[in-house]
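[1] just to be clear, the model below is a prediction. Sequence and coordinates:
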Amino acid sequence: MAAFLFVAHPVPWRSARALITIAHEGGHALTALLTRRTLKGIRLHSDTSGITLTKGRPTGPGMVATAAAGYLAPSLLGLGAAWLVSSGYVALLLWAMLALLTGMLLMVRNLFGLVALFAVAMAVFALSWFADAGVQVFFAHLAAWFLLFGGVRPIIELWSKRRRGRAPYSDADQLARITPLPAGFWLLLFLAVSVAAVLGGGYLLTSRWLPLPSCTAGRAVR
């Protein structure tokens, strides 16, 4: 499966990870707005890292939701994409993606982030405007699977980095500082949600190809 190879193989993952970072930072940004925090800006870097700056109370439900949203966003977006694709709303998915990317473009605060977001937005626009239905369906499936699989790997990477003491300011550590729950709990929560999204999204994307259970209709015998 192409999406799985993009995530599992280290060579394509180095570049493809930037797409997951866009979803990650977009999750922070959207949740900040939904919880009435002030969104100050988004920065995307060439090493596939990113940062979203918000202003508001340093603790409380809004800050917790905003901090937790990053690692959950790719998986939840993938699950939503899987539902739209399986329901036949491919065009709606593409336009929703374009709307989210456009919103992020308005808040990006560095040149690399601007170029990266613009390139992805133009690719989605071209796909939604010029590609035929079959091509749109193919790439919509690819995007859904990529988000589902791609949501898992950064959590595993973060777990490995924290074991070596290399990520003291991660989202999980920030959550540990503003809640009574340790960083390990948040990592387990991120992983559980992402795996559940893979299972749920995978079912949605493959259920249309599964054989229906056979049933026999009764016939009157004369």
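    Looks like it came in fine.
[2] assign a three-state SS to the residue lying closest to N110 once chain neighbours are set aside, would you?
    Closest residue to N110 apart from its sequence neighbours, by C-beta to C-beta, 6 or more residues apart in numbering: R43 at 4.7 Å. Using the backbone N, CA and C atoms, a C-beta is placed for each residue, glycine as well. Three-state assignment for R43 (DSSP: H, G, I helix; E, B strand; the rest coil): strand.
[3] thought R43 was touching M107?
    No - R43 lies out of contact with M107 (C-beta atoms under 8 Å); the separation is 9.8 Å.
[4] out of the two, which sits in the more crowded spot?
    M107 (19 against 16; other C-beta atoms under 10 Å).
[5] ok, that one - contacts?
    Each residue near M107 by C-beta atoms under 8 Å, 6 or more residues apart in numbering is listed here: A29, L39, G41, I42.
[6] beta partners for the residue nearest to N110?
    I51 (DSSP bridges).
[7] helices of this protein, residue ranges please.
    Along the chain, counting by DSSP state H, helices occupy 2-8, 10-34, 61-86, 90-107, 111-130, 133-150, 153-163, 171-178, 183-207.
[8] for S49, which of the ones you listed is the nearest?
    Between S49 and these, the tightest spacing by C-beta to C-beta is seen for helix 10-34, at 6.8 Å.
[9] quick one: the residue nearest to N110 and L5, what's the gap?
    Relative to L5, R43 is positioned 29 Å away (C-beta to C-beta, to the nearest Å).
[10] please apply the same query to Q174.
    Applying C-beta to C-beta, the value for Q174 to L5 is 32 Å.
[11] who's in contact with A68?
    Contacts of A68 by C-beta under 8 Å, 6+ apart are D171, L175, W186, L189, F190.
[12] so what's the spatially most central residue of the chain closest to, chain neighbours aside?
    For the chain, P74 is the residue whose C-alpha lies nearest the centre (C-alpha atoms, centre = their mean; 1.3 Å). Counting by C-beta to C-beta, 6+ apart, P74 lies nearest to G151, which is 3.6 Å off, once chain neighbours are set aside.
[13] no more questions from me, cheers.
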